[in-house]
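Novice: Structure, please.
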Amino acid sequence: MEKIIKKSLAKAMDYNSFKSLVSELIKQKKSTGKNQSEALLNYSILSERRMKRLDKTIKINSVTKNSILKINKEIIFLILMESWCGDGAQILPILYKMTALSSKIDFKVVLRDENEALMNLFLTNGGKAIPKLLIIEKETLKILQDWGPRPSVATKMVTNYKKENGVLDATFKKNLQVWYNKDKGMTTQSDLVEILESIT
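Specialist: Just a heads-up that it's a prediction; the model follows:
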């Protein structure tokens, strides 16, 4: 596993580099990833808009700040992502703002489709669901925790809707985005606080 993590970290980008890549690809009418389609391009455009908005509006609460400031070892937040990922667009700006509070955390993004060996170690119910956050001890490259692809409340929403309807349709996706907008990143923060307190 260490070899796989090293290989992925060698290809990792910081937050601004990821955003720049997405913007450049959109200009070329492309998304990240192996597959290219008009739908994935449109999702990428939508995700870019969401991230820009959240970069300006997201607030990190005092409980989260205190938890971040208690971190006593150097760690890496390594996120598997693609430009078209709607959940990722809601989550990445929050994770980045959290990590910006501490010099002990490195924020890194890698593309899922270019890092299949790593992704395959962290499947969700057998699928390559993203975003997936890996919290890694910098010195040893040991995985301390993983999280994702969604905040805990959204995960329950997905589970319940699938039980009742079989698939996640357009109605659900719209409802999920409404939930993200109302939640304002609070569930993501509380999920991460719980994880960070378990590793410090």
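Novice: which of the residues in the helix or strand containing residue 194 are buried?
Specialist: Assigned by DSSP states H and E, residue 194 belongs to helix 186-199. Across helix 186-199, burial judged by 16 or more other Cβ atoms under 10 Å covers 186, 187, 188, 189, 190, 191, 192, 193, 195, 196. In this view, the C-beta of every residue, glycine as well, is placed from N, C-alpha and C.
Novice: got it, and stretch 20-29?
Specialist: Quick answer for stretch 20-29 (16+ other Cβ under 10 Å): 22, 25, 26.
Novice: Setting aside sequence neighbours, what's the nearest residue to residue 85?
Specialist: Distances taken as Cβ to Cβ, 6 or more residues apart in numbering put residue 130 closest to residue 85, at 5.3 Å, once the chain neighbours are dropped.
Novice: ok but the one you found is inside a strand, no?
Specialist: No: membership of residue 130 in a strand is not supported by DSSP: H, G, I helix; E, B strand; the rest coil, which gives coil.
Novice: of the buried residues of stretch 20-29, closest to residue 78?
Specialist: Set against residue 78, the nearest of the buried residues of stretch 20-29 by Cβ to Cβ is residue 22 (17.8 Å).
Novice: buried stuff in the helix or strand hosting residue 95?
Specialist: For residue 95, the element it lies in under DSSP H and E is helix 86-99. Neighbour-count burial for helix 86-99, with 16+ other Cβ under 10 Å as criterion, is recorded at 87-99.
Novice: Show residues contacting it.
Specialist: Residues outside helix 86-99 that contact it (Cβ atoms under 8 Å, 6 or more residues apart in numbering): 15, 18, 43, 46-48, 50-51, 54-55, 58, 60, 64, 68, 77, 79, 81-82, 105-107, 109, 130-131, 133, 148-151, 154, 173, 176-177, 180, 185, 188-189, 192.
Novice: next helix or strand past that helix?
Specialist: By DSSP H and E, the next helix or strand past helix 86-99 is strand 105-111.
Novice: Do me a favour and average the pLDDT over the helix or strand just after that next one.
Specialist: With elements assigned by DSSP H and E, the helix or strand that comes after strand 105-111 is helix 116-119. For helix 116-119, the mean pLDDT works out to 98.
Novice: the strands in the protein, which residues?
Specialist: Remark: strands assigned in the chain by DSSP state E are 75-81, 105-111, 132-137, 143-147.
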